[in-house]
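A.B. asks: Could you look at this predicted model? Sequence included:
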Protein chains: 2
Amino acid sequence: MMTSPNETTGADALIAASAKAGIEVCFANAGTSEMAMLASLMREPGIRVVPVLFEGVASGAADGYARMASKPASTMLHLGPGLANASANLHNARRGQSPVVNWIGDHATWLMPHDPPLHSDIHALATNTSKWVGRPHRSEGISALASQAVRKAQEGKAGVSSLILPMNHLESALAEPLVLPDFKVLEAKHAPEKVIEDSAQILRVAEKPLLLLGGPAMDAISLRNAARIGEAMGAKLMVEQFPRNIRREEGLPVPERLAYLPMFARQQLANHDLILCLGADRPACFFGYGDEAPLLTGPNCEVLNPIKDGICPGTFLADLVLFLGVHDKTIVGAEERAEKTLSGPLQPETICRAMANLLPHESIVICEGITSSLPLYDELAGAAPHHLITNKGGSIGFALSAAVGAAIAAPKQRVVSYVGDGSAAYTIQALWTQARENLNVTNIICVNRAYVVLQMELMRMGVQAEGVGEDLTHIGRPDMNFAKIAEGFGVPAVEAHNLEEFSKALEESFARPGPGLIAAVF
Amino acid sequence: MMTSPNETTGADALIAASAKAGIEVCFANAGTSEMAMLASLMREPGIRVVPVLFEGVASGAADGYARMASKPASTMLHLGPGLANASANLHNARRGQSPVVNWIGDHATWLMPHDPPLHSDIHALATNTSKWVGRPHRSEGISALASQAVRKAQEGKAGVSSLILPMNHLESALAEPLVLPDFKVLEAKHAPEKVIEDSAQILRVAEKPLLLLGGPAMDAISLRNAARIGEAMGAKLMVEQFPRNIRREEGLPVPERLAYLPMFARQQLANHDLILCLGADRPACFFGYGDEAPLLTGPNCEVLNPIKDGICPGTFLADLVLFLGVHDKTIVGAEERAEKTLSGPLQPETICRAMANLLPHESIVICEGITSSLPLYDELAGAAPHHLITNKGGSIGFALSAAVGAAIAAPKQRVVSYVGDGSAAYTIQALWTQARENLNVTNIICVNRAYVVLQMELMRMGVQAEGVGEDLTHIGRPDMNFAKIAEGFGVPAVEAHNLEEFSKALEESFARPGPGLIAAVF
């Protein structure tokens, strides 16, 4: 049924209820089934609509936004295929505990029985990444579900909500006046006092305890609290392999980072008799090789995870500090690092060092360098105050897209995406949105023309990377020219072949508003 | 368990059984969980491995390959996220009745209970696009499933098979000697004689019958047979909206094409009292607008679909011709068209006309122009003999990838991908594989800097494309430079701004082996 401009449609209900629940940004690639959403967004000044050329950019941007804004953005996706395209970065958002709300258009309910070409099982697809999936049965049900989608994305362990919205319910006029559901901001949930007590007690009796930080417990306050507990209880501080957003600044602790490769991670954990997981998961292998043990802990190590049932890790740390009475404990923090001399060829170490030297205050570094990023965590310790965001989900194509969302959440900060060439090729279309929105993003592409991590895996198997092994792990022949590609998408770009060129390019990009790209060719 | 080079692994069983079942090409983007497959492929000369930079290219290429080779290729995908990235083009393959076999790596079974970061519900994801999903319980079960995956993809209505392969089962040595399952080539299934008789009878009594061709019934023999039946029974010949692969050459019938927009399609079908679906589905709306009827047929039209239970549409047509005794019926076929004068600005009509004038013999035209492709079907009628492939699934990002597969299936033929700028941006990474494999593909990008079809949809709703409406339907600001992007991926490219430049570029690309790209800027 076509509606007159004065009638309130299901789509209007979606947009108004979502805006009331705090949605301020929508990363969108619309199709025919989403036209009513688009029409409603034209009348809603409270939601900024950011166009993307591919849905994987929308979901990655929503993830990056959530990591800095600590609340969800929405995505607008075109039926099953749009959701499928978004799913790899939704997987990353799920693993990164980032709240994201998907608005997925679907066919009119009366057309579905006829199985039109774009019809597919959207619900099955959504369950792969979503903690909650909703589908209204009529237009009047949309506002409540829209509000609930935001709530479900945020509460407990944050994650992905998916709303599947049939076209006829979006386009139809409401039969009842629109009443927007109340939306209360979630309060952080405390752990029961017994859990705090037990955690303190087990820390007291452990001989070599370890505090493993993860998830959202890496802001400045949480890091300080964790360090106070560690100092008081003789516990070592460590962060999980891929921190979702860790604050770095002078005076904050620099926890050791758990290694990616099991052989190194096992060494790090070998001598501990207790691991207290604080927002982190029980440490397990990223991949399972041969007949190894799946868990990375030693045989006599107790692993305790007191953060359950929606308890906020940061609140837990604060409560434990209070319980232990260690709020004034002195901690050892990062020292401002002396600038290191920059010379020699481009290597991951020297690139990271140059970044550390030149990083603007309050930058947001988004890291997806796989092997190229190994030195980044340590090299950036003591750089100017910044946030470091990494991809826990392991699905590549994250950084360029997450940079879009982080830059929109924090428009006055410089975002640095640091990414390997293989990963950059995945959602390269993100560059266009960076240009369209004139976002302050410096993209650094580490161009080694290989999936180096896979070459390492072949070595592990005792297989020479030749023939098919070479074909599938080298991404030269032809060499991609990322500067040309970036310019093609509207982002100014340069190639750097040595440290002098790289540092100069970095300074220039940091000084110039808007996006830029540096292809660091090894 | 690490295996010695002399042992046969589960991955070896996969590759050997698949090769025996006819798999000759694997479009691959490997990750850690697929290293054993890669190692086995290094020892299997019968399977060509084609690297891609993004899994959507792999699935689109497998679809394009199937449309020309009439048998499946495999894809190699990295866990759930790899399958998710492939899924939009798998959706298109499903709708295009293209057999495709996915090899999806998964975690070691002993690691899954610990929910490692890349773990997700791959089965749920696979059901969205697959007609069959298999998962071995041990290494020894892989060879039978590998063979079955090929069979399931091909039999009945062809489609997508997905094999989910845990890393430990791939890497472990077989406890039993490998015995490869027999694989017999499928024979085309005939309809029961009663169905042939009934179809003939209902055609005899209908006053205005229509034969609606679709699916795989558009090869030269099927087209001729359909035209003979049409001539003999006074039935009109029509093809579905998006033909999967229709043969065009002098003397072959040129069936009218069913329109995309319901208002036009309804007019085409209004006066018929019988529609016999021959490989096509019952004609329904692509999208459901307002309170329209979902089916496109008139109120007094009978729709009959005799092609069920795995019956081969081409065989059905041949059987019906035989039953009716009309195998020597004269048919009206396409005439070789006179070359038309080329002047004036670039428009979809003139671009298609220039293509028709210059098309090399035995080209394969892959069409994904959305609004730019509207004139293509008619303009190419009477051009040099060619195949026309379109995307029935409606998920954009098809043509550049399908071109990869078509060019590998038919290496001596020129492939022309004709694609809008919005669609081209989706799987732009396909250009790199075209360059890597030096494929004979001419990519024509229609650069109108807009999702024009969405602008039409907004007009339908009476909404001005301004503000957000303009932001989400225009993809200029910045204008993409497809020539630069293509060169960045290693494909020679030019921009054309008028018909003279376009024709010259087309001739040059057709004459030069390997890939090329022409950005036709309107």
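C.D. replies: Received the coordinates, thanks. Numbering: from 1, shown residues only, chains lettered A, B, ... in the order given.

A.B. asks: what about residue A:335, neighbour count?
C.D. replies: Neighbourhood size, residue A:335 [other CB atoms under 10 Å in any protein chain shown]: 11. C-betas here are computed from N, CA, C, even on glycine.

A.B. asks: Surely residue A:112 touches residue A:119?
C.D. replies: Yes. Using CB atoms under 8 Å, residue A:112 is in contact with residue A:119, at 6.1 Å.

A.B. asks: Settle it for me: which of those two has more neighbours?
C.D. replies: When residue A:112 and residue A:119 are compared for neighbours, residue A:119 comes out ahead with 19 against 14, by other CB under 10 Å.

A.B. asks: Quick check: that one vs chain B, distance?
C.D. replies: Separation of residue A:119 from chain B (CB to the nearest CB, to the nearest Å): 9 Å.

A.B. asks: ok, that residue - contacts?
C.D. replies: Counting by CB atoms under 8 Å, 6 or more residues apart in numbering or on different chains, residue A:119 makes contact with A:79, A:80, A:107, A:111, A:112.

A.B. asks: Tell me which of those fall in strands.
C.D. replies: Among the contacts of residue A:119, no member falls in strands (criterion: DSSP state E).

A.B. asks: Filter these down to the buried ones.
C.D. replies: Among the contacts of residue A:119, those scoring as buried are A:79, A:80, A:107, A:111 (criterion: 16 or more other CB atoms under 10 Å in any protein chain shown).

A.B. asks: The residues you listed: which two are farthest apart?
C.D. replies: A:80 and A:111 (14.2 Å; CB to CB).

A.B. asks: Surely residue A:288 is within a helix?
C.D. replies: No. Checked against DSSP: H, G, I helix; E, B strand; the rest coil, residue A:288 lies outside a helix; its state is coil.

A.B. asks: Tell me which helix or strand the closest residue to residue A:157 other than its chain neighbours sits in.
C.D. replies: By the measure of CB to CB, 6 or more residues apart in numbering or on different chains, the closest residue to residue A:157 outside its immediate chain neighbours is residue A:97, 5.7 Å from it. Following DSSP states H and E, there is no helix or strand that holds residue A:97.

A.B. asks: what number of residues lie near residue A:97?
C.D. replies: By other CB under 10 Å, neighbour count at residue A:97 equals 20.

A.B. asks: Just list the residues touching it, thanks.
C.D. replies: Here residue A:97 is in contact with A:157, A:158, A:159, A:215, A:216, A:244 (CB under 8 Å, 6+ apart).

A.B. asks: now do residue A:353
C.D. replies: Contacts of residue A:353 by CB under 8 Å, 6+ apart are A:340, A:342, A:375, A:379.

A.B. asks: Residue A:219 contacts residue A:248, doesn't it?
C.D. replies: No. At 11.2 Å, residue A:219 does not count as touching residue A:248 under the criterion of CB under 8 Å.

A.B. asks: Which of these two has more residues huddled nearby?
C.D. replies: residue A:248 (24 against 18).

A.B. asks: doesn't residue A:377 make contact with the more buried one?
C.D. replies: No. Using CB under 8 Å, residue A:248 is not in contact with residue A:377, being 9.2 Å away.

A.B. asks: Pull up the overlap in contacts between these two.
C.D. replies: Joint contacts of residue A:248 and residue A:377 (CB under 8 Å, 6+ apart) are residue A:388.

A.B. asks: Any idea how far the lengthiest helix in chain A is from the middle of the chain?
C.D. replies: In chain A, taking DSSP state H as the definition, the longest helix is helix A:79-95. In terms of CA atoms, centre = their mean, to the nearest Å, the centre of helix A:79-95 is found 13 Å from the chain centre.

A.B. asks: so where's the stretch 1-150 of chain A shaky on pLDDT?
C.D. replies: A:1-5 (pLDDT under 70).

A.B. asks: how about the helices of it, start to end?
C.D. replies: Secondary structure of the stretch 1-150 of chain A (DSSP state H, counting those that start in this stretch): helices located at A:10-20, A:35-41, A:55-69, A:79-95, A:122-127, A:142-154.

A.B. asks: what's the answer for the stretch 351-500 of chain A, then?
C.D. replies: Going by DSSP H, counting those that start in this stretch, the stretch 351-500 of chain A shows helices at A:376-380, A:399-409, A:421-424, A:430-436, A:452-460, A:468-471, A:482-488, A:499-511.

A.B. asks: To residue B:398, which of those helices lies closest?
C.D. replies: So among those, helix A:430-436 is nearest, using CB to CB, at 19.8 Å.

A.B. asks: Could you give me the buried positions within that closest one?
C.D. replies: Counting neighbours by 16+ other CB under 10 Å, the buried set in helix A:430-436 is A:430, A:431, A:432, A:433, A:434, A:435, A:436.

A.B. asks: Just the CA trace of that helix, in CSV.
C.D. replies: Output in CSV follows, covering the C-alpha atoms of helix A:430-436 (Å, rounded to 0.1, in the frame of the first residue of the first chain):
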residue,chain,number,x,y,z
ALA,A,430,36.4,1.5,2.3
LEU,A,431,38.8,4.0,0.8
TRP,A,432,36.0,5.6,-1.2
THR,A,433,33.9,6.2,2.0
GLN,A,434,36.9,7.7,3.7
ALA,A,435,37.2,10.1,0.8
ARG,A,436,33.4,10.8,0.5
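
A.B. asks: does chain B sit close to the longest helix of chain A?
C.D. replies: Yes. Using CB under 8 Å from any CB of the partner chain, helix A:79-95 reaches chain B at A:80, A:81, A:82, A:84, A:85, A:87, A:88, A:91, A:95.

A.B. asks: for that helix, packing partners?
C.D. replies: In terms of contacts (3 or more CB pairs under 8 Å, 6 or more residues apart in numbering or on different chains; DSSP states H and E), helix A:79-95 is packed against helix A:55-69, strand A:74-78, strand A:100-106, helix A:122-127, strand A:130-134, strand A:160-166, helix B:79-95.

A.B. asks: Could you name the stretch from the ones you listed that's closest to residue A:45?
C.D. replies: So among the helices and strands packed on helix A:79-95, strand A:74-78 is nearest, using CB to CB, at 15.6 Å.

A.B. asks: If I take that closest one and helix B:79-95, what angle do their directions form?
C.D. replies: Relative orientation of strand A:74-78 versus helix B:79-95 (axes from the mean of the first three to the mean of the last three CA atoms, to 10 degrees): 30 degrees.

A.B. asks: Run through the strands of the stretch 251-400 of chain A in chain order.
C.D. replies: A:256-257, A:274-278, A:302-304, A:363-368, A:386-390 (DSSP state E, counting those that start in this stretch).

A.B. asks: most tightly surrounded among these?
C.D. replies: Among the strands of the stretch 251-400 of chain A, strand A:363-368 has the highest mean neighbour count (mean count of other CB atoms under 10 Å in any protein chain shown), at a mean of 27.

A.B. asks: give the contact list for the residue in the stretch 201-350 of chain A that chain B sits nearest to.
C.D. replies: Chain B sits closest to residue A:288 of the stretch 201-350 of chain A, with a gap of 3.3 Å, by CB to the nearest CB. The contact partners of residue A:288, by CB under 8 Å, 6+ apart, come to A:294, B:107, B:108, B:110, B:111, B:116, B:167, B:168.

A.B. asks: re the thing from before, in JSON lines: the contacts of residue A:97, plus neighbour count, pLDDT and secondary structure.
C.D. replies: Below are those laid out as JSON lines (neighbours: other CB atoms under 10 Å in any protein chain shown; pLDDT from 0 to 100; DSSP: H, G, I helix; E, B strand; the rest coil):
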{"residue": "A:157", "neighbour count": "16", "pLDDT": "93", "secondary structure": "coil"}
{"residue": "A:158", "neighbour count": "26", "pLDDT": "96", "secondary structure": "coil"}
{"residue": "A:159", "neighbour count": "24", "pLDDT": "98", "secondary structure": "coil"}
{"residue": "A:215", "neighbour count": "25", "pLDDT": "94", "secondary structure": "coil"}
{"residue": "A:216", "neighbour count": "20", "pLDDT": "92", "secondary structure": "coil"}
{"residue": "A:244", "neighbour count": "27", "pLDDT": "96", "secondary structure": "coil"}
